[in-house]
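Undergrad: Quick one, structure for this:
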Amino acid sequence: MRDFALEIRMELFRTRPELSLSHVERLVQDIPRCYRDITRDHAACGVTEWKDFYNFTLADGVALATIFRKAEVEVLVFDADDSLIHTTEHLAMGDVDEFLQAVRSRFRLPDTGLTFPMPQALPWLESVETV
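TA: All right, here's what the predicted structure looks like:
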C-alpha cells in the first residue's frame, strides 16, 4: 500500500529541510482533515455532485496546497510568504483554476505536484488519525 503521508513529508523536507518533524506531521495531517470537513459539509448541505476544491496551509515560508479532484488528489509544495493569503483571499475553495492561476503568477510552483489516484487515496483521506 502506498504511503501518501510519507511521500508528502519527503516533499516538504526537500523544499524546507529545516522544518521539524512535528511541524511537517501537522501540515500533512491537515490534508485528510480538510477533506473530511469539506465532504461532511457538502453532505450536510445536500450536495451530491462532486465539485473540485483546494486547500492550502502556509507556515515557515512553505506552502502545502492540495487540489481535491474527482479522480485524483494533487499536492503542491512550494516556497511562499504571507502574500499567498492576500493573493487568494477573494477565492472560494471551489475556484481551483483561479487559485492555480493566481498562485502561479506570484510563486514558483512545480509543473506538477505529487498526484495520487482518488480511489487509492480515499482510505487515507477518510482516516481519523491525529498527530
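
Undergrad: packing partners for the helix ranked longest in the chain?
TA: Ranked by number of residues, the top helix in the chain under DSSP state H is helix 21-44. For helix 21-44, the packing partners by 3 or more C-beta pairs under 8 Å, 6 or more residues apart in numbering; DSSP states H and E come out as helix 4-15, strand 53-59, strand 62-68, helix 118-125. All C-beta atoms are positioned from the backbone trio N, CA, C, and that covers glycine.

Undergrad: Now E126. Nearest residue, chain neighbours left out?
TA: R36 (6.7 Å; C-beta to C-beta, 6 or more residues apart in numbering).

Undergrad: What is the neighbour count of the one you found?
TA: Burial of R36 is recorded as 14 neighbouring residues (other C-beta atoms under 10 Å).

Undergrad: you'd agree F116 is in a strand?
TA: Yes. Looking at F116 with DSSP: H, G, I helix; E, B strand; the rest coil, it is inside a strand.
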